[in-house]
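> this one's structure only:
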């Protein structure tokens with residue numbers, strides 16, 4: 001038998017072990033990156049829903065406090081057709097809307113308002129109340 005004195009190089013088992021370890025490291029790193037991207041997307045969607053809900057609430061509150069006689073003392077909200085309208089004017093589109101009141105009487109001194117916006121599996125709910133002094 002010939003003995004090999006120069007054993008520089010890797011055996012097949014060493015190469016396979018190295019590939020297996022690199023595969024495990026790759027799987028762990030890719031899993032962390034994918035979870036991070038999914039969390040980021042969910043957070044951005046939640047923030048967009050919150051901003052849109054705040055804009056809608058502020059628009060309704062401003063109309064409520066304005067006490068404009070052209071509104072016949074009421075604010076009519078319609079959430080049909082994938083958009084939200086206030087007195088016939090579209091104030092938001094692109095979300096699913098759920099509102100507690102279809103009509104808000106502007107002559108009332110205190111009104112509770114609840115709005116839920118949804119897109120896909122994400123939703124945001126805002127509960128608030130409007131109040132003003134009514135002089136009679």
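That came through, no problem. Since we're looking at a predicted model, the values are computed, not measured.
> From here on, just use CA atoms for contacts and neighbour counts.
Noted.
> list the helices and strands the least confident helix or strand in the chain by mean pLDDT packs on?
Ranked by mean pLDDT, DSSP states H and E, the helix or strand of the chain with the weakest confidence is strand 74-78, at a mean of 71. For strand 74-78, the packing partners by 3 or more CA pairs under 8 Å, 6 or more residues apart in numbering; DSSP states H and E come out as helix 12-66, strand 83-86, strand 103-105.
> now with 6 Å?
Secondary-structure packing of strand 74-78 (3 or more CA pairs under 6 Å, 6 or more residues apart in numbering; DSSP states H and E): strand 83-86, strand 103-105.
> Using just helix, strand and coil, how would you label residue 111?
strand (DSSP: H, G, I helix; E, B strand; the rest coil).
> what is it paired to in the beta sheet?
Going by DSSP bridges, residue 111 is paired in beta bridges with residue 130.
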